[in-house]
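In: what follows is a predicted protein model with its sequence.
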Amino acid sequence: MLLEILLGAGLVVGAVVAALVDLDCGRRALPARSRLAWTLGCGGGSVAGFLVPYVFYQELTSLYVRVLKPRPITVHSREWLAIALTTGLTICAVLVGLYLAGSRFRNWTAAETQ
């Protein structure tokens, strides 16, 4: 059940992230090759980011129990779903931040060399 929810959320958020990145690349008139690479990288990375909590379930649970909730009686399934979705959204935000920084840094260095 958790895998289906995470995969569904990843596909929806990944499509939204890919569309936003593609629109921004088009607005800034990036070359087609860069536009495709950034769009697929951010969209695919967002989908993969939602699967990270499923793949690293034991490690994330251990981190959560030791750092954020050191004396739990139990971790409720809704609580774990919220943690998994938050982890996926955090990874998406990092990818979008990397896109924003990386694409602009490349443009800055290209403008300085001209």
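Out: Right, received. Where do you want to start? Numbers count the residues shown, from 1 in each chain.
In: now the helices for this structure?
Out: 2-27, 32-55, 57-63, 77-113 (DSSP state H).
In: looking at the ones you listed, which is buried most?
Out: Of the helices of the chain, the one with the most neighbours on average (mean count of other CB atoms under 10 Å) is helix 32-55, at a mean of 18. (Each C-beta comes from the backbone N, C-alpha and C, glycine too.)
In: can you list contacts of it?
Out: Residues from elsewhere that reach helix 32-55, judged by CB atoms under 8 Å, 6 or more residues apart in numbering: 2-3, 6-7, 9-11, 13-15, 17-18, 21-22, 25-26, 30, 60, 83-85, 87-88, 90-92, 95-96, 99, 103.
In: try it again with 7 Å
Out: With CB atoms under 7 Å, 6 or more residues apart in numbering as the test, helix 32-55 has contacts from 2-3, 6-7, 9-11, 13-15, 17-18, 21-22, 25-26, 60, 84, 87-88, 91-92, 95-96, 99, 103.
In: distance from that helix to the middle of the chain?
Out: 7 Å (CA atoms, centre = their mean, to the nearest Å).
In: same check on stretch 12-32?
Out: With CA atoms, centre = their mean, you get 14 Å for stretch 12-32.
In: only alpha carbons, please: show it as PDB.
Out: What follows is stretch 12-32 as a C-alpha-only set of coordinates in PDB (Å, rounded to 0.1, in the frame of the first residue of the first chain):
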ATOM      1  CA  VAL A  12       2.100  13.600  -9.900                       C
ATOM      2  CA  VAL A  13       4.800  15.700  -8.300                       C
ATOM      3  CA  GLY A  14       7.400  14.600 -10.800                       C
ATOM      4  CA  ALA A  15       5.100  15.600 -13.700                       C
ATOM      5  CA  VAL A  16       4.500  19.000 -12.100                       C
ATOM      6  CA  VAL A  17       8.200  19.600 -11.500                       C
ATOM      7  CA  ALA A  18       9.100  18.600 -15.000                       C
ATOM      8  CA  ALA A  19       6.400  20.900 -16.400                       C
ATOM      9  CA  LEU A  20       7.600  23.800 -14.300                       C
ATOM     10  CA  VAL A  21      11.300  23.200 -15.200                       C
ATOM     11  CA  ASP A  22      10.400  22.900 -18.900                       C
ATOM     12  CA  LEU A  23       8.400  26.200 -18.800                       C
ATOM     13  CA  ASP A  24      11.300  28.000 -17.100                       C
ATOM     14  CA  CYS A  25      13.800  26.600 -19.600                       C
ATOM     15  CA  GLY A  26      11.600  27.800 -22.500                       C
ATOM     16  CA  ARG A  27      11.100  31.200 -20.900                       C
ATOM     17  CA  ARG A  28      14.800  31.600 -20.600                       C
ATOM     18  CA  ALA A  29      15.500  30.200 -24.100                       C
ATOM     19  CA  LEU A  30      17.900  27.500 -23.100                       C
ATOM     20  CA  PRO A  31      19.100  25.200 -25.800                       C
ATOM     21  CA  ALA A  32      16.900  22.200 -26.600                       C
END
